[in-house]
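**Student:** What would the 3D arrangement of this be:
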Amino acid sequence: MNRELFGVFDDEEAFTDHRCPSEFDEVVRGKVATVGIRDPGLGTFGWSASHEDEDGSCLIWGENYPEEGENGARWFLEQYAAEGRAAFDALNGSYLVFVEHDGEALVATDPVRSCECFYTDNGDVRLFGTDAATVARTIDDPTLRLPAVLEYLHAGVTLGEKTSIEQLRRVRADTVLRPDGLDPLERFVYEPREFDYVAELADRLERAIRRRAQLPGRKGLLLSAGYDSRTLLSGVPGIEHCYTVGDPASQEVRGAKRLAHQYGARHTAFPPDHRYLLADDRKVRYSQGIKESLHIHHAGYTDEINVDTIYHGLLSDTFFRGHFTGEDELEMFGKRIPLYRTDPDPKPVAVLLSKFGYDREASRQLSAHVDCGVDDPDEFVRDAVRTELEASASRVDSPQNQLNCCGILNQPSLPFHVQLADNYFSSFLAVDRELLDWHLSTPPEYRTTETFLAACERIDPGMLRHEPPDRPRSHRALNDIEGFLRRKTPFLRSFEPPWPDRETLFEVYNLDRRLLPDHEHLYDLPGRHKLRIHDVLGWLGQSSEPTERALEGLLEPGAGGVRRPSDDRSAI
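**Tutor:** Sure thing, here's the model as predicted:
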């Protein structure tokens with residue numbers, strides 16, 4: 001990767017056993033840890049920072065906005081020396097932070113783990129880093145972690161602290177990593193209260209955007225015709241160019257183009273050809289072997305995005321509009337009718353699986369080809385989600401917030417930001433500290449599209465001038481009714497989905513043979529599941545050849561019906 005943090009809880013000699021210091025722009029050598037950072041933007045305000053003095057050392061990797069001064073690492077080291085772990089509350093951005101002071105060394109994720117930290121124990125030495133593949137390559141005898149791979153193949157995300165390799169783990173969200181353990185923090189805990197939800201959201205959005213407007217150089221925006229990126233288009237001065245993946249004639253692209261022109265920005269549409277789905281080694285690397293590269297919609301067009309700083313609205317729907325909130329429904333005539341209100345008694349496992357994109361029938365089809373000793377894939381996936389829900393119980397006050405917490409801390413779409421942050425200065429508006437606090441303080445029934453749009457209108461009444469093409473009405477029920485009528489009425493044009501059709505692209509561009517040339521027996525699987533198989537095989541190939549071979553063995557023709565848990569799996 002272009003940007004990386006890698007370290008060992010040990011001296012420089014232990015560090016050089018695995019990495020060469022010349023691979024990094026800077027290496028801090030403490031009494032407890034040695035850590036290297038590589039980042040072309042190191043030292044830029046709002047971005048990666050380093051500092052080392054007689055009091056200790058600090059590295060911040062990623063986006064960070066110090067409350068004082070230009071150097072976020074110097075500022076945080078001073079805060080940590082004065083306040084201890086309470087200083088983590090003051091960090092703001094999408095980052096990983098390393099700090100060593102007074103004989104103690106720690107690594108911490110941001111509150112929602114928007115930047116992952118992977119670690120492994122090599123003998124008595126703990127190694128850690130931001131690139132899962134480079135950390136995995138330090139493992140002497142890696143083994144495939146079948147349950148983690150199975151979670152990924154069926155649900156599109158590996159949950160919790162697991163990875164595809166048994167000896168490689170991830171630091172949980174809102175947690176610090178120590179040389180010999182992990183400790184949870186309490187920055188992401190739901191404590192709803194009463195306040196003016198609309199006014200506070202508007203004010204906090206404006207402050208968060210002002211912070212991020214300071215990122216340098218030419219500015220661009222990944223823009224949809226929906227709501228989530230509009231606040232940035234309206235609020236960041238000098239956005240020169242907007243980019244949308246889609247057919248130039250589609251409703252989505254035409255809607256995005258209108259928004260860009262409203263605010264004086266140029267607009268480019270990237271046609272959804274083979275580049276939209278084709279996952280090369282670079283794109284697969286960003287999946288880290290735990291999440292779908294499919295979410296990096298723009299990856300194939302990166303060479304044409306000619307800006308220094310890129311903005312996006314990722315997770316705005318999650319934090320402000322209740323993406324993971326369970327909605328009440330009524331069952332009638334075999335159909336589920338939405339009631340457009342928060343479910344007083346949600347079914348957390350079912351809701352999360354639907355949000356993750358789990359398809360029960362596709363999973364049964366997948367199980368016919370990939371046998372990992374699981375008799376019922378549906379029950380396996382449900383048990384995995386149930387376990388992860390229980391892990392978030394101490395951070396929540398209600399079933400709805402437990403749903404949100406578990407979904408957010410296992411967010412499947414983060415490769416989207418990982419790829420951007422490796423190639424540009426990339427702003428992650430939704431994880432601003434003030435906005436996270438708004439999310440945690442606002443009851444789920446007020447984290448809605450209506451609240452968000454009211455806040456947008458307070459910021460800029462012109463922001464809602466153009467409605468999303470699939471939501472022309474002011475109320476969801478009216479949009480759903482119109483959508484139904486358009487689908488059922490001859491001569492009326494239906495609303496178009498915002499994303500290109502995967503199955504069509506697979507056929508037109510012969511992606512089966514390009515992605516899985518040696519696995520013709522898998523070609524009847526849905527496109528999304530074939531992409532998952534390609535992702536995890538490709539990532540293991542970059543990280544650990546023995547585990548790649550082990551998974552290849554499970555994908556052989558007939559494996560689903562022949563291999564059983566009692567078979568010889570010594571390579572696994």
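
**Student:** State the mean pLDDT of stretch 167-175.
**Tutor:** Averaged over stretch 167-175, pLDDT sits at 97.

**Student:** what's next to that stretch, contact-wise?
**Tutor:** 107-109, 111-113, 116-121, 128, 132, 135-136, 139, 141-143, 160-163, 177, 182-188, 290, 391, 395, 408-409 (CB atoms under 8 Å, 6 or more residues apart in numbering). Placement of C-beta: from N, CA and C, glycine included.

**Student:** cool, stretch 16-35 as well?
**Tutor:** By CB under 8 Å, 6+ apart, the list of residues contacting stretch 16-35 reads 4-12, 14-15, 36-39, 42, 50, 52, 56-59, 98, 100, 103-105, 122, 127, 134, 138, 179.

**Student:** That stretch: how far from the chain's middle?
**Tutor:** Put simply, stretch 16-35 sits 28 Å off its chain's centre (CA atoms, centre = their mean, to the nearest Å).

**Student:** same deal with stretch 248-267?
**Tutor:** 26 Å.

**Student:** One more: stretch 533-550?
**Tutor:** The answer for stretch 533-550 is 21 Å, by CA atoms, centre = their mean.

**Student:** again with stretch 395-404
**Tutor:** Worked out by CA atoms, centre = their mean, stretch 395-404 lies 20 Å from the chain centre.

**Student:** next one: stretch 459-473
**Tutor:** The answer for stretch 459-473 is 26 Å, by CA atoms, centre = their mean.

**Student:** And the contacts of it?
**Tutor:** 202, 205-206, 225-227, 230-231, 234-235, 251-252, 254-255, 258-259, 262, 453, 456-457, 479, 482-483, 495-498.

**Student:** that older thread, can I have the buried ones of the contacts of stretch 16-35 as a PyMOL selection?
**Tutor:** Here is the PyMOL command that selects only those of the contacts of stretch 16-35 that count as buried (16 or more other CB atoms under 10 Å):
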select buried, resi 4+5+6+7+8+9+10+14+15+36+37+38+39+42+50+52+56+57+58+59+98+100+104+105+122+127+134+138+179
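
**Student:** and the residue positioned nearest the centre of the chain, what is it in contact with?
**Tutor:** In the chain, the residue lying closest to the centroid (CA atoms, centre = their mean) is residue 414, at 1.3 Å. Residue 414 makes contact with 114, 116, 291, 295, according to CB under 8 Å, 6+ apart.

**Student:** related to what we said a few turns ago, now, the contacts of stretch 16-35 that are in strands?
**Tutor:** Of the positions in the contacts of stretch 16-35, 4-8, 36-38, 50, 52, 56-59, 98, 100, 104-105, 122, 127 sit in strands, assigned by DSSP state E.

**Student:** how about residue 272, secondary structure?
**Tutor:** coil (DSSP: H, G, I helix; E, B strand; the rest coil).

**Student:** right, and it touches residue 244 too?
**Tutor:** No: in terms of CB atoms under 8 Å, residue 272 does not count as a neighbour of residue 244; the distance is 10.4 Å.

**Student:** Just the buried subset of the contacts of stretch 167-175, please.
**Tutor:** Buried members of the contacts of stretch 167-175, scored by 16+ other CB under 10 Å, are 107-109, 111-113, 116-120, 128, 132, 135-136, 139, 142-143, 160-163, 177, 185, 187-188, 290, 391, 395, 408-409.

**Student:** so where's the stretch 151-300 of the chain shaky on pLDDT?
**Tutor:** The model of the stretch 151-300 of the chain has no residue with pLDDT under 70.

**Student:** For it, which segments count as strands?
**Tutor:** 169-170, 175-178, 181-184, 219-222, 239-245, 266-270 (DSSP state E, counting those that start in this stretch).

**Student:** Now residue 557: closest residue in space, sequence neighbours ignored.
**Tutor:** Nearest residue to residue 557 in three dimensions, chain neighbours excluded: residue 521, at 4.5 Å (CB to CB, 6 or more residues apart in numbering).
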